[in-house]
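Engineer: Quick one, structure for this:
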Amino acid sequence: MGGQLYENGVFKPLYSDVDPKRPDQKYVNDWNASKSNDLIWYATRTEVTYYDNDLADQLLENYESWENGEKPEEPDTKTITYKYEDFNTSVDANGKTVYTLKDDVVRISDAAQPGDPKYKKLSDKDGNLITDADRTIIGNGQPKHTGGFSNNFVYKNWDLNIFLQWSYGNDILNANRMVFENPQAKKNTNMFASYTNRWSAENPTSNMPRARAIGAEYYSSLYVEDGSFLKLKTISLGYNFTPNTLRSLGISAARLFISAENIATITGYSGSDPEVSTRNSVLTPGFDWSAYPRSFNASLGINITF
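Structural biologist: Okay, here's the model as predicted:
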């Protein structure tokens, strides 16, 4: 990682170092820059950790699940529920329309109906029937890299610290959606508002499985989301009183400050917080089930030295 540093009126090259004990971790040395006698900008150590993808894949080998179709360039073209065109129709003795899967359509059950999840056939075993041989890895809970960047600004008696944190390239299995967008046969259950967009006769193009869908109980790529994020983690603003102001009070130093934590998050993840892992241990990352989001905190205080 490279860049430039403005110091004493001259731009100097800035390079990253590699810790020989942690070759996967790269960081930028501490430095500071000043463009005037009053305003100073300190950029403290910036750490970026890169993860070995092979190791991440090994950690997720047990996270096998059912694959819902391919991941096309345009998400809207992804087929993950059976549509009417997948079926032959007939009318029974009671005048009710009967839907029977066409012979060339992949199925997890011959009883599948329009709106049920449609999985991808990965093996050449058992014809068009989905079996355990079609399970595959559908996500990677380990990020490609993580990092943080802290900036300190000083102007006369004022100081300001801003800390940014990010994670990139990790997947999250949003297990909350498996329940609150997929009630199965449960009754009187609270649901996400998005459940109103489930497949139905009035909404036949939806890729969210219908109510009481057959085969909807499995982990699938329908619930795997990009967990990358950029967070404005902390901000702290302080004012340092001058010695002349404090001398008569018998105080040698005093700093009044206001700070805030968990201020803003930029992410495409639909859950409450992409910085989550609620499975059994650190070996099962990226699993979101009923996690409490990190709350916004604000504080006001004063540091006094006598």
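
Engineer: Output the below-cut-off pLDDT ranges for the chain.
Structural biologist: Counting by pLDDT under 70, the chain shows low-confidence ranges at 1-79.

Engineer: which residues in it form helices?
Structural biologist: Under the criterion DSSP state H, the chain contains helices at 53-59, 175-180, 243-246.

Engineer: I'd say Met191 and Met178 touch.
Structural biologist: No: counting by C-beta atoms under 8 Å, Met191 does not reach Met178; the two are 12.0 Å apart. Backbone N, C-alpha and C define where each C-beta goes, glycine included.

Engineer: These two: which has the busier surroundings?
Structural biologist: Between Met191 and Met178, counted using other C-beta atoms under 10 Å, the more crowded position is Met178 (18 against 14).

Engineer: wait, what's in contact with the more buried one?
Structural biologist: Counting by C-beta atoms under 8 Å, 6 or more residues apart in numbering, Met178 touches 219, 223.

Engineer: Backbone dihedrals for the closest residue in space to Ile172 that isn't next to it in sequence, please?
Structural biologist: Leaving out its chain neighbours, the residue that sits closest to Ile172 by C-beta to C-beta, 6 or more residues apart in numbering is Gly227, at 3.8 Å. Per-residue torsions, Gly227: phi -100, psi 10 (degrees, to the nearest 10).

Engineer: Gly227 and Tyr168, how far apart?
Structural biologist: 9 Å (C-beta to C-beta, to the nearest Å).

Engineer: circling back: right, and the residue nearest to Ile172 touches Ser277 too?
Structural biologist: No: in this structure Gly227 lies outside contact range of Ser277 using C-beta under 8 Å: 9.6 Å.

Engineer: who has more neighbours, the two?
Structural biologist: Per other C-beta under 10 Å, whichever of Gly227 and Ser277 has more neighbours is Gly227, with 29 against 18.

Engineer: who touches the more buried one in this structure?
Structural biologist: Counted by C-beta under 8 Å, 6+ apart, Gly227 has contacts 141, 143, 167, 170-172, 267, 269, 274, 276, 286.

Engineer: what do you get for Trp166?
Structural biologist: By C-beta under 8 Å, 6+ apart, Trp166 lies in contact with 146-148, 228-231.

Engineer: one more time with 6 Å
Structural biologist: If you count contacts by C-beta atoms under 6 Å, 6 or more residues apart in numbering, Trp166 has them with 147, 230.

Engineer: and it, what are its bridge partners?
Structural biologist: Legend: beta-bridge partners of Trp166 under DSSP bridges are Gly147, Leu230.

Engineer: if I look at it, how far off is Thr189?
Structural biologist: Distance of Trp166 to Thr189, given as C-beta to C-beta: 36 Å.

Engineer: same question, Lys144
Structural biologist: 37 Å.

Engineer: between those two, which one's more packed in?
Structural biologist: Using other C-beta under 10 Å, the more surrounded residue of Lys144 and Thr189 is Lys144, with 16 against 10.

Engineer: ok, and the closest non-adjacent residue to that one?
Structural biologist: Nearest non-adjacent residue to Lys144, counting by C-beta to C-beta, 6+ apart: Gly169, 3.1 Å away.

Engineer: Measure how buried that neighbour is and give me the count.
Structural biologist: Quick note: Gly169 (other C-beta under 10 Å) scores 17 neighbours.

Engineer: what does Gly127 give?
Structural biologist: Residues near Gly127, counting by other C-beta under 10 Å, number 11.

Engineer: what packs against the strand ranked longest in the chain?
Structural biologist: Of all the segments assigned as strand in the chain under DSSP state E, the longest by residue count is strand 253-267. Applying 3 or more C-beta pairs under 6 Å, 6 or more residues apart in numbering; DSSP states H and E, one finds that strand 253-267 contacts strand 229-240, strand 297-305.
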